[in-house]
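Visitor: The amino acid sequence is not available; the structure is as follows:
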């Protein structure tokens, strides 16, 4: 006679240490197997889209820092490029290079944290994480050098960036770029073929290419499923069309592939940074724009390939000095759509890893 | 570069019976009747020339006289983009069909629009607030919303 089981509703979070922010999963479990989940969020909802309607265009830049707070520069970049497109503002050549440098530094920071916490979720408690944190710290110092801040930079402006790079910046970045490939090799030696890593992440939480597209996944999650789609190549913004780099993709779409794609993207970001440092011209970094300027009536959707995926700003202007409506297409939110499909049928312990492999930032999910 | 498909191109590709559902053609998109959104979305997704198979983003806006929902699509194969728009004049009880049956990517975004603008999407599997709590009154992104200050 078969033993009768009863489904149990299990709350994972909202303060579970591996939830990458205040995030909750309501899981329906049959024994240890998840039969259904519902992501619950909003704990960090600050109404940023509503606040945008009450502030001038310029005043909103610091608030974008608070979206994906591990990659504030990318949020700055996405927002200022959207408004520049709307208002037809030109950006000096040197500022474009600085923006690319900042954006790629942020991608490395975010991926290091994403990979590190992914291994935390897997049970290698904080050892790989701190190896990666050593390098992340050097980059945070670099960003502090240019902006005076370590997390929320508020560095970009319409028409450029707020300050030029200090003299010490490029030599320090060069040193980092020389050291980093060996560091990545070290991570690879420790983790890439590690038996436990393979056993726990290979063929776990597979997201098929069709499902990845259907669920609007983007960034490393989409690419790990084998879709070669990167906005830096597909729709180059800033000066990304000048750089030579590859789009790493996965083949299976499992947790392991998502981790692999992020590691390869670290190497590609280093390639871009090397080219940007070699090619950066001298000159001014900001075309002054009036503090309270009025873009013409109209709407624009502008997107960048942020570290998490497609970060888009849909800005609607009524001709006044405040946005009439501003919608943020947050990659972290949309990457969660497929979570349910990815988790169903897996055990609770796997659920933590699968969730970690998506690498979300709740600041961006909740806005 | 991701090239925008013109409204005329899409109208040309739509089946004859769907052409009546198009209210107006704009430079980078078309405005369609809300009731016909499902048919039109299926058509642009499955049409061999358009292949708009990726739902990027859904934005809801309160234009005082009406609510507008705008859908942005990409064709990943052709590297093109296209916008579909819907206007809802009934602001006291706005409702329209949900796209979740075609793209599950619409699920969280439609819930967000329901939460912040109060548009109900019929056919959505889980139509409830997403950021704000149950029992919250009003929809903050409506222009007449007051937070008491």
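Guide: Noted; the coordinates are in hand. It should be emphasised that the depicted structure is a prediction, and the values quoted were computed from it without experimental measurement.

Visitor: Average pLDDT for stretch A:171-185, rounded please.
Guide: The average pLDDT within stretch A:171-185 is 93.

Visitor: typed the wrong thing, it's stretch A:204-215
Guide: Rounded mean pLDDT across stretch A:204-215 is 90.

Visitor: Check the gap between residue A:139 and chain B for me.
Guide: Between residue A:139 and chain B the computed distance is 30 Å (C-beta to the nearest C-beta, to the nearest Å). For every residue, glycine as well, the C-beta is placed using N, CA and C.

Visitor: can you check residue A:109 too?
Guide: 25 Å.

Visitor: List the contacts of that residue.
Guide: With contact taken as C-beta atoms under 8 Å, 6 or more residues apart in numbering or on different chains, residue A:109 is in contact with A:70-71, A:136, A:139-140.

Visitor: That one should be in a helix, yeah?
Guide: Yes: counting by DSSP: H, G, I helix; E, B strand; the rest coil, residue A:109 falls inside a helix.

Visitor: What pLDDT is listed against it?
Guide: For residue A:109, the pLDDT comes out at 92.

Visitor: Also residue B:27?
Guide: We have a pLDDT of 69 for residue B:27.

Visitor: just residue A:197 next, same as before
Guide: 88.

Visitor: For the host helix or strand of it, give me every contacting residue.
Guide: Assigned by DSSP states H and E, residue A:197 belongs to helix A:195-201. Helix A:195-201 is contacted from outside by A:119, A:122-124, A:191, A:254-256, A:259, A:350, A:353, A:357, using C-beta under 8 Å, 6+ apart.

Visitor: What are the buried residues along that helix?
Guide: For helix A:195-201, burial by neighbour count (16 or more other C-beta atoms under 10 Å in any protein chain shown) applies to A:197, A:200-201.

Visitor: show me the residues around residue B:141 that make contact.
Guide: So residue B:141 contacts A:49-50, A:325, B:60, B:62, B:116-117 (C-beta under 8 Å, 6+ apart).

Visitor: and the residue lying closest to residue A:208 once chain neighbours are set aside, how many neighbours does it have?
Guide: The shortest distance from residue A:208 to any non-neighbouring residue, by C-beta to C-beta, 6 or more residues apart in numbering or on different chains, is to residue A:253 (6.2 Å). A total of 26 residues lie near residue A:253 under the criterion other C-beta atoms under 10 Å in any protein chain shown.

Visitor: Secondary structure element holding residue A:253?
Guide: Going by DSSP H and E, residue A:253 is not in any helix or strand.

Visitor: I'd assumed residue A:224 was in contact with it.
Guide: Yes: the pair residue A:253 and residue A:224 qualifies as a contact (C-beta atoms under 8 Å) at a distance of 5.5 Å.

Visitor: list residues touching both of the two?
Guide: residue A:207.

Visitor: just the helices in chain B please.
Guide: B:7-13, B:16-19, B:37-46, B:106-117 (DSSP state H).

Visitor: looking at those helices, which is buried most?
Guide: helix B:106-117 (a mean of 24; mean count of other C-beta atoms under 10 Å in any protein chain shown).

Visitor: List of residues touching that helix?
Guide: So helix B:106-117 is in contact with A:49-50, A:216, A:333-334, A:336-337, B:55, B:57-58, B:60-62, B:67, B:69, B:94, B:98-100, B:119-121, B:124-132, B:139-142, going by C-beta under 8 Å, 6+ apart.

Visitor: wait, what's in contact with the residue in chain B positioned nearest to chain A?
Guide: Per C-beta to the nearest C-beta, the residue of chain B with the smallest distance to chain A is residue B:105, at 2.9 Å. Going by C-beta under 8 Å, 6+ apart, residue B:105 touches A:214-217, A:334, A:337, B:54-55.

Visitor: one step back: which of the contacts of helix A:195-201 are buried?
Guide: Buried among the contacts of helix A:195-201 by 16+ other C-beta under 10 Å: A:119, A:122, A:124, A:191, A:254-256, A:259, A:350, A:353, A:357.
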